[in-house]
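A.B. asks: here are the coordinates; sequence isn't available:
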């Protein structure tokens, strides 16, 4: 009987030790998972924070770019030379000079000379 009781005690002690080992393994695993989970949460939070900061800097850069572009357009409008609308676009060719001179000479003479009737015809 004592052997049976001793064997039962040994078994129960071994079971307790085994359960304690499993329990400590589970605790360690849970603690590890908590730590890893916290690190993952921190890593995710840092990543989100970095993304948010990148987004803010991108928006700021876009605003600066648009301001610069608007200022450049204002400066270009001020310095742009206005063209004279009466200024000829191209030099006149010899033909146009000849025609203009002929028109001036014809307007200086009388109508009858221009039509073809001279002073002698009258």
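C.D. replies: Cool, the structure landed. Because the structure is predicted, anything quoted here is derived from the model rather than measured. Numbers count the residues shown, from 1 in each chain.

A.B. asks: starting at the chain centroid, how far to the lengthiest helix in the chain?
C.D. replies: The helix of greatest length in the chain, counted in residues with DSSP state H as the criterion, is given as helix 2-79. Taking the mean of its C-alpha atoms, helix 2-79 sits 31 Å from the chain's own mean (CA atoms, centre = their mean, to the nearest Å).

A.B. asks: roughly how far out does the helix or strand following it sit from the chain middle?
C.D. replies: If you walk from helix 2-79 toward the C-terminus, the next helix or strand you reach (DSSP states H and E) is helix 94-108. Centroid separation for helix 94-108 versus its chain: 60 Å, with CA atoms, centre = their mean.

A.B. asks: now helix 94-108: mean pLDDT?
C.D. replies: Helix 94-108 comes out with an average pLDDT of 80.

A.B. asks: and if you look at stretch 71-87?
C.D. replies: Taken as a whole, stretch 71-87 has an average pLDDT of 74.

A.B. asks: Ends of it, what's the gap?
C.D. replies: Across its full length, stretch 71-87 reaches 31 Å between end residues, using CA to CA, to the nearest Å.

A.B. asks: who touches that stretch?
C.D. replies: By CB atoms under 8 Å, 6 or more residues apart in numbering, the list of residues contacting stretch 71-87 from outside is empty. For the C-beta atoms, the positions are set from N, CA and C on the backbone; glycine is no exception.
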